[in-house]
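[1] model this:
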Amino acid sequence: MLDVDDVIERLQKLSYEEALAYWIASELEEAEFYRKLAERAKNLGLPESLVETFLRLSEDSERHAVELRGEFKASFGREPSTEIPPLEVLPVLDRFERADQVKGVLETAMESELIAMNAYKALAEKVGDERLRELYLKLADVERGHYEALKREYERLGG
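    Sure thing, here's the model as predicted:
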């Protein structure tokens, strides 16, 4: 299981370049995560709005990664890479095999987005580099938007 405090400690030590590489990798991982959730939700016959929300989150994350990768390559002349695991992707797919598990999956995904959002806010307060502070605040805002989209679906399902 992911140790959030360890990830935060590691992120706190990153340069802007390293933090940007981390964000790109996290967005790619998150895009794949939400794409798989969309497939699973569709296969289970869950509401189309839920499938669309998962797909939209996947597409948003993919778009962010592509934009950030272009910025990274233009700034640093190489492909980004990182060894730090993403905060927002918790292992929930193995707990999503039946339609009646969807509320639990949404709860876990929402919790994951909140953990990431709060971690990025905390990092923004701790770093001295203004560019890093802005980067972490942007990350926190992205995760807040993901949380809100998931929460709307959760509420539609009677949660």
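[2] which parts of the protein are helices?
    4-12, 16-43, 48-76, 102-126, 130-156 (DSSP state H).
[3] export the ones you listed as TSV, with columns for mean neighbour count, mean pLDDT and distance to Pro86.
    Where you see a C-beta, it was placed from the backbone N, CA and C, and this is true even at glycine. Output for the helices of the chain, formatted as TSV (neighbours: other Cβ atoms under 10 Å; pLDDT from 0 to 100; distance: least, Cβ to Cβ, whole Å):
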stretch	mean neighbour count	mean pLDDT	distance to Pro86
helix 4-12	15	75	8
helix 16-43	20	90	4
helix 48-76	17	92	10
helix 102-126	19	86	8
helix 130-156	18	91	11
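[4] show me the one of those helices that comes nearest Pro85.
    Closest to Pro85 of the helices of the chain is helix 4-12 (Cβ to Cβ; 6.5 Å).
[5] which helices and strands sit right next to the closest one?
    Counting contacts by 3 or more Cβ pairs under 8 Å, 6 or more residues apart in numbering; DSSP states H and E, helix 4-12 is packed against helix 102-126.
[6] contacts for the helix it packs on next, please.
    Defining contact as Cβ atoms under 8 Å, 6 or more residues apart in numbering, one finds that helix 102-126 is touched by 4, 7-8, 11-12, 37, 41, 44, 46, 50, 86-90, 92, 95-96, 132-134, 136-137, 139-140, 143-144, 146-147, 150-151, 153-154, 157, 159.
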